[in-house]
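Q: here's my sequence, what's the structure:
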Amino acid sequence: MVLFGLVIASITIGSREVGVDDILAALGGSRDGFDQAAVAARLPRTVLALLAGAALAVSGAVMQGVTRNPLADPGILGVNMGASLAVVSGITFFGLAAATSFVWVAIGGAAVAAIFVYAIGSLGRGGATPLKLALAGAVTSAALLSFVSAIALPRSDLAGGIQSWQIGGVGGAVFDRISMVLPFLLVGFAICMLSARGLNSLALGDDLAAGLGERVAFVRGACAVGAVILCGAVTAVTGPIGFVGLVVPHMCRLLVGVDHRWLLPFSALGGAALLTAADVLGRIVARPAEIDVGIITALVGAPFFIYIVRRQKVSAL
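A: Down below sits the predicted model:
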C-alpha cells in the first residue's frame, strides 16, 4: 500500500498538480492539455525510479552478503563510479551514442571497479575486512571521480551534460530507454534471486558452506555478476545514485531477518519505495525547480553510513 501511494504521488505531484481524470485520460493515451502531458512525462519517470531503486537495493544486499560486509554498497565500494568512468570515457574517446552500448560499457566498468576494490581491500593481514573494503572503495571512488572530471572538463560540449548526469537522477526518463535496460535488469534480478539460498550458506562461513555442499567460488562469483549487472545497468541510465543499497537492506533485515530468500524481495520493494519517495521529495522542496534523487539519497544515506561505522558490534554480517 505504501508503494502504491508513492506511485500515485509520483504521478500527481510536480510543478503542476493533476487530478484523477487527467491521470486516467493520460493512461488512455490522451495528451490534450498540459496536465495530461505532465502525467505522460511522469509515468516513465516513476517506472524508472521503481526499477532503479529495486535494482540498487538488491545489488547492495547481495554485495553485503557476498563480502559479509555491512558497509557494502555499489556507491561506497566504487562500483557505480567505475560504471560512470567507463560511460564517460566511451562517450568522449570512442564516440559512443547507442543507448545499448552505454549499458554494456557501464557493466564492464562496474565489474572492473568491483574486482579492483576487492583486490585492494584483501591486501594485508586479515583479508577483506569491512573497514578495509570501505576505505578502498572510498579512495577508488574519489580517484575515479577525478578521472571523470579530467576527461569531461576539456570537452565543453559534453561537460554540462556529464556533470548533470553524474549527480544521479530519474528526470527525463522515456520508455524507450527503460525498455533498453529492462532485459539487463531482469537478468540481474534473476541471478540474484536464484542465489539467495547460496548467500544464506555463505553467511555461515566458507568452510561450513563448502561442508554443506555449496560451491563457494561459483556462488560468490554468480552473486557478484548479478549485483554488477544491476548497478551497472542502472548507472548507465540514471547516473551514479548512492546509499540506496546501504540503507534499504539494513532496514529490511529489521523486518524480515537475515534470510536472503525474504531479504532480497523485500529489499527490492524497499528500494523502489525509497527512490520513488526521494524523487517526490525532490520535486516538493525546491518547487518549481527540482532536486535530483542522487542528492536526496546522499542526505539520507550519509548519516546512516556514519551510524553503521560507529556501531562497534557490527564488524561483519
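
Q: quick check: which element contains the nearest residue to residue 61 once chain neighbours are set aside?
A: Spatial nearest neighbour of residue 61, chain neighbours left out: residue 249 (3.9 Å); criterion: CB to CB, 6 or more residues apart in numbering. C-beta coordinates here come from the backbone N, C-alpha and C atoms, glycine included. Per DSSP states H and E: residue 249 is located in helix 244-256.

Q: for the next helix or strand along the chain from that helix, buried residues please.
A: Counting by DSSP H and E, the element after helix 244-256 in chain order, helix or strand, is helix 260-285. By 16 or more other CB atoms under 10 Å, the buried positions in helix 260-285 come out as 260, 263-283.

Q: stretch 122-131 too?
A: Within stretch 122-131, the residues that count as buried by 16+ other CB under 10 Å are 128, 129, 130.

Q: among the residues you listed, which lie within helices?
A: Among the buried residues of stretch 122-131, the members found in helices (DSSP state H) are residue 130.

Q: element containing residue 72?
A: Counting by DSSP H and E, residue 72 is part of no helix or strand.

Q: list the residues that contact it.
A: 60, 63, 64, 66, 130, 133, 245, 246 (CB atoms under 8 Å, 6 or more residues apart in numbering).

Q: what helix or strand does the first one sit in?
A: It refers to residue 60. Short version, using DSSP H and E: residue 60 is in helix 34-67.

Q: tell me which residue is most central in the protein.
A: residue 56 (2.8 Å; CA atoms, centre = their mean).

Q: who touches the closest residue to that residue other than its chain neighbours in this structure?
A: The shortest distance from residue 56 to any non-neighbouring residue, by CB to CB, 6+ apart, is to residue 244 (4.1 Å). Going by CB under 8 Å, 6+ apart, residue 244 touches 53, 56, 57, 60, 73, 271, 274, 275, 297, 301.

Q: tell me, how many residues neighbour the nearest residue to the fifth one once chain neighbours are set aside?
A: In this case it means residue 73. Among residues not flanking residue 73 along the chain, residue 246 sits closest, at 3.8 Å (CB to CB, 6+ apart). As a burial measure, residue 246 scores 30 neighbours (other CB atoms under 10 Å).

Q: hang on, residue 246 packs against residue 63?
A: No. At 9.4 Å, residue 246 does not count as touching residue 63 under the criterion of CB atoms under 8 Å.

Q: wait, residue 174 sits on residue 44?
A: Yes. Between residue 174 and residue 44 a contact is recorded at 5.4 Å, counting by CB under 8 Å.

Q: and these two? Which one has more around it.
A: Neighbours were counted for residue 174 and for residue 44 using other CB under 10 Å; residue 44 has more, 18 against 13.

Q: dump the residue contacts of that one.
A: 173, 174, 175, 177, 178.

Q: distance to residue 94 for those - can I get that in a markdown table?
A: What follows is those, written out as a markdown table (distance: CB to CB, whole Å):
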| residue | distance to residue 94 |
| --- | --- |
| 173 | 25 |
| 174 | 24 |
| 175 | 27 |
| 177 | 20 |
| 178 | 24 |
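
Q: for the next helix or strand after the helix holding residue 60, name the packing helices and strands.
A: With elements assigned by DSSP H and E, the helix or strand that comes after helix 34-67 is helix 79-94. Applying 3 or more CB pairs under 8 Å, 6 or more residues apart in numbering; DSSP states H and E, we find helix 79-94 packed against helix 99-121, helix 130-152, helix 156-167, helix 216-238.

Q: could I get those in CSV, plus columns for distance to residue 39?
A: Listed next are the helices and strands packed on helix 79-94 as CSV, based on distance: least, CB to CB, whole Å:
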stretch, distance to residue 39
helix 99-121, 24
helix 130-152, 34
helix 156-167, 24
helix 216-238, 21
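
Q: name the residues that touch stretch 199-212?
A: So stretch 199-212 is contacted by 62, 65-66, 68, 198, 214, 216, 219-220, 223, 258-261, 317 (CB under 8 Å, 6+ apart).

Q: any of those buried? List them.
A: Looking at these with 16+ other CB under 10 Å, the buried ones turn out to be 62, 65, 66, 68, 198, 214, 216, 219, 220, 223, 260, 317.

Q: the second one and residue 310, how far apart?
A: Same thing as residue 65. 22 Å (CB to CB, to the nearest Å).

Q: which residues touch residue 268?
A: So residue 268 contacts 54, 55, 57, 58, 189 (CB under 8 Å, 6+ apart).

Q: need the contact list for the second one.
A: Put plainly, it is residue 55. Per CB under 8 Å, 6+ apart, neighbours of residue 55: 185, 188, 189, 230, 231, 233, 234, 268, 271.

Q: what do you get if the cut-off is 10 Å, keeping everything else the same?
A: 74, 181, 184-185, 188-189, 192, 227, 229-235, 238, 244-245, 268, 271-272, 275 (CB atoms under 10 Å, 6 or more residues apart in numbering).

Q: could you do the last one as well?
A: Under the criterion of CB under 10 Å, 6+ apart, the neighbours of residue 189 are 51, 54, 55, 58, 59, 226, 229, 230, 264, 265, 268.
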